[in-house]
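Sequence and predicted structure are below.
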Amino acid sequence: MKFYLKSTLMALGVAGAFMATTSFVAADADDHKLFIDDVEILTDIAAPEGSPLDHLYSGWRFRSPETQDLQTDDFGNPGFAAITLAEELWDTAEGAKGKSCASCHNDVDEGMKGVSAAYPKWSDKLGKPHTLVTRVNECRTDRMEAKAWKWEAPEMLAMTALVGLQSRGMPVAVKSDGPMKSWMEKGKDIYYARVGQLNMSCANCHEQNFGNMIRADHLSQGQINGFPVYRLKWGGLGSTHRRFKGCMKNIRAKAFGVGSDEFIALEAYVASRGNGLAVETPAVRN
Ligand code: HEC
Ligand code: HEC
């Protein structure tokens with residue numbers, strides 16, 4: 001009973017937080033520009049045709065100046081410890097074939113340029129979309145005969161961050177047509193479904209209320225162009241699925257599993273909502 005009362009009050013608190021503020025105008029997103037090591041990364045673009053949004057904003061725009069600063073040079077970005085680890089892994093032979101990533105893909109900046117911007121991406125072999133995580137693991141198991149890394153293993157987070165970094169500044173370009181179509185529809189259904197004790201959808205917060213405050217947090221569009229992100233709260237890198245799970249738990253919903261088909265569909269759909277935004281991996285969030 002007590003728990004029920006508490007969560008009902010919380011629901012009222014959440015609704016109140018939204019109503020207290022006016023609808024979003026561009027000025028509500030901090031209008032600072034993001035320069036990383038003097039190269040501008042666009043954090044704000046007119047949405048492509050067919051988008052439910054008029055404008056796309058990177059989550060960076062909604063963070064405090066202190067958090068924003070951490071992303072403006074690679075020495076200050078705490079996500080770069082993982083990049084250094086992944087650069088070593090890239091060159092390390094593992095598995096029965098005695099191969100490293102470099103054996104087949106050469107230097108990472110050559111071999112992986114622009115790759116992550118297109119993920120999730122259809123795989124005929126799997127008969128479903130590949131996320132970058134499952135794609136890296138396919139090379140590990142099938143081409144190296146090495147063990148797969150777990151979704152949230154430090155090695156996997158580091159490697160997907162390193163691969164993502166090779167697309168930094170390039171526009172997200174996830175395909176929604178062909179065999180991806182049914183997955184996009186499934187992801188969209190999940191995005192708009194009201195769930196949990198608070199009876200809310202992703203869209204209630206990230207489409208209808210971005211720019212507003214929810215408790216102490218400035219709501220963004222929930223874009224994933226910076227993933228895996230370094231979160232100060234996590235003290236390390238985390239995947240999109242970890243973030244989705246956290247958001248579902250916050251509205252007291254039963255979260256889907258990390259690596260589940262539901263989260264793969266949701267990831268594909270959310271990624272496609274950011275088509276055209278610049279990749280920022282590894283971004284820094286609070
Ligand atoms: C024995 C050779 C080999 C090794 C070793 C290897 N790969 Fe691959 N990898 C390939 C080939 C070939 C493809 C393209 C497969 C295809 O899609 O037809 C590929 C594709 C990929 C892709 C997808 C590229 C795209 O354009 O979508 C990623 C990401 C990738 N590899 C990452 C890695 C990583 C990370 C490692 C090390 C952990 C690794 N690979 C090790 C051969 C290899
Ligand atoms: C009750 C409001 C609420 C709901 C509902 C919600 N989120 Fe969030 N979400 C937040 C808050 C608060 C943050 C942290 C601030 C921010 O980036 O918006 C956040 C952050 C995120 C981020 C990180 C964005 C970045 O730039 O790093 C993603 C991605 C995200 N949410 C996706 C989702 C998805 C997908 C759903 C539906 C399953 C969802 N959220 C539901 C409140 C919500």
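The structure has been received and is ready for your questions. Numbering: from 1, shown residues only. Ligands and ions are numbered 1, 2, ... in the order given.

quick one: the strands in the protein?
Using DSSP state E, the strands of the chain run over 34-36, 39-41, 44-46, 55-57, 121-123, 128-130, 213-214, 217-218, 229-231, 236-238, 284-285.

Which of those sits closest to residue 67?
Closest of the strands of the chain to residue 67 is strand 284-285, at 6.1 Å (criterion: Cβ to Cβ). From N, CA and C alone the C-beta is placed, and that goes for glycine too.

Any chance you could list what contacts that closest one?
Under the criterion Cβ atoms under 8 Å, 6 or more residues apart in numbering, residues 59, 63, 67, 70-71, 77-79, 226, 229-232 lie in contact with strand 284-285.

now do stretch 233-246
Outside stretch 233-246, the residues within contact range by Cβ under 8 Å, 6+ apart are 79, 82, 133, 151-152, 154, 157-158, 160-161, 224, 227-231, 255-256, 258-260, 263, 266-267, 270, 282, 286.

same question, stretch 166-181
Residues contacting stretch 166-181 (Cβ under 8 Å, 6+ apart): 36, 39, 41, 108-109, 112-122, 129, 184, 225, 268, 271-272, 274-281.

And stretch 87-99, by the same measure?
100-103, 108, 140, 143-147, 155, 158-159, 162.

Recalculate using a threshold of 6 Å.
When contacts are defined by Cβ atoms under 6 Å, 6 or more residues apart in numbering, stretch 87-99 is touched by residues 100-102, 108, 144-146.

List buried residues within these.
Buried by 16 or more other Cβ atoms under 10 Å: 100-102, 108, 144, 146, out of the contacts of stretch 87-99.

Now flag whichever of the residues you listed is closest to residue 210.
Proximity of the buried ones among the contacts of stretch 87-99 to residue 210 (Cβ to Cβ) peaks at residue 108, which lies at 33.6 Å.

neighbours of the closest residue in space to the closest one that isn't next to it in sequence, just the number please.
The shortest distance from residue 108 to any non-neighbouring residue, by Cβ to Cβ, 6 or more residues apart in numbering, is to residue 90 (5.3 Å). Neighbourhood size, residue 90 [other Cβ atoms under 10 Å]: 19.

repeat for residue 232
Neighbourhood size, residue 232 [other Cβ under 10 Å]: 13.

Next, the contact list for it, please.
residue 286.

Kindly report the residues of the stretch 51-200 of the chain close to ligand 1.
Within the stretch 51-200 of the chain, the positions near ligand 1 by Cβ under 6 Å from any ligand atom are 99, 101, 103-105, 115, 135-136, 139-140, 143-144, 159, 163.

List the ones among these that fall in helices.
Taking DSSP state H, the ones among these that sit in helices are 101, 103-105, 135-136, 159, 163.

Per-residue pLDDT of residue 19, please?
Per-residue pLDDT puts residue 19 at 40.

One more: residue 3?
Per-residue pLDDT puts residue 3 at 33.

before we move on, what about the one 5 residues further on?
According to the predicted model, the pLDDT of residue 8 comes to 38.

now swap in residue 37 and tell me
86.

Kindly report the same for the one 10 residues further on.
The predicted local confidence for residue 47 comes out at a pLDDT of 95.

residues contacting it?
53-56.

The residues you listed: which two are farthest apart?
Of all pairs in the contacts of residue 47, the most separated under Cβ to Cβ is 54 and 56 at 8.7 Å.

residues in contact with the spatially closest residue to residue 131 that is not a sequence neighbour?
Nearest residue to residue 131 in three dimensions, chain neighbours excluded: residue 120, at 5.0 Å (Cβ to Cβ, 6+ apart). Residues near residue 120 by Cβ under 6 Å, 6+ apart: 129, 131, 267-268.
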